[in-house]
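any chance you can model this:
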Amino acid sequence: MMESKVCVDASFMVALLIPESFSRTTLRLWEEWVLGDVSIFAPALLRYEVISALYRKALRGLVTWDDSQSAQVQFLSLDIDFQDPKGLPARAVELARFYQRLNTYDAFYLALAEHLDCKLWTADERLYNAVHKDFGYLRWLGELPIQKT
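Next up, the predicted model:
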């Protein structure tokens, strides 16, 4: 049974927008969600993290500036419900401390998935390895079969 709502993080979105190891899998999953009328959520900070990641990829020469800008435009046109519920920052700090994370960025995604009672999808294997045993909402793209060309 398909979920009615999911949460995504910046690593998921970058894999959707720029060719990476999980890009085909991410695109397949995204298409299933759109066709299945699944609501896609993220904390408001997703906008800033994705734009920053795309900029850094261009700065390092991993993508062209034009590809980075096209990906930014595509990202901003996607139907994502950005959320900032009351108490999210406090819960993010609690989760960051519990999992001993160096920053709270990842914890905002965790806190929102918890708040919405839905899965959080990530391409970030380190995050997954650090928290998935205790945090049942987290799903890693590496759990799915990689789509070949």
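
alpha carbons only for contacts and neighbour counts from here, please
OK.

all helices for the chain, in order.
Along the chain, the stretches classed as helices by DSSP state H are 10-17, 23-35, 46-59, 65-77, 88-98, 105-116, 125-131.

can you put the ones you listed in a markdown table and add mean neighbour count?
Listed next are the helices of the chain as a markdown table, based on neighbours: other C-alpha atoms under 10 Å:
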| stretch | mean neighbour count |
| --- | --- |
| helix 10-17 | 22 |
| helix 23-35 | 16 |
| helix 46-59 | 17 |
| helix 65-77 | 15 |
| helix 88-98 | 17 |
| helix 105-116 | 22 |
| helix 125-131 | 14 |
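
format those as CSV; extra columns: mean pLDDT and distance to residue 140.
Putting the helices of the chain into CSV (pLDDT from 0 to 100; distance: least, C-alpha to C-alpha, whole Å) gives the following:
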stretch, mean pLDDT, distance to residue 140
helix 10-17, 97, 9
helix 23-35, 94, 10
helix 46-59, 97, 17
helix 65-77, 97, 20
helix 88-98, 95, 18
helix 105-116, 96, 13
helix 125-131, 92, 6
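
for residue 99, give me its contacts.
Contact analysis of residue 99 by C-alpha atoms under 8 Å, 6 or more residues apart in numbering lists 130, 131.

how close does residue 95 get to residue 112?
11 Å (C-alpha to C-alpha, to the nearest Å).

got the end-to-end distance for stretch 96-110?
9 Å.

circling back to that earlier point, could you dump the helices of the chain into TSV with distance to residue 3 added?
As requested, these are exported to TSV (distance: least, C-alpha to C-alpha, whole Å):
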stretch	distance to residue 3
helix 10-17	17
helix 23-35	8
helix 46-59	21
helix 65-77	22
helix 88-98	22
helix 105-116	12
helix 125-131	20
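
so for residue 137, which of these sits nearest?
Closest to residue 137 of these is helix 105-116 (C-alpha to C-alpha; 6.7 Å).

which other residues reach the closest one?
With contact meaning C-alpha under 8 Å, 6+ apart, helix 105-116 is reached by 6-9, 42-43, 45, 83, 88-89, 91-93, 95-96, 119-120, 127, 137-138.

can you do 7 Å?
Here helix 105-116 makes contact (C-alpha atoms under 7 Å, 6 or more residues apart in numbering) with 7, 9, 42-43, 88-89, 91-92, 95-96, 119-120, 137.
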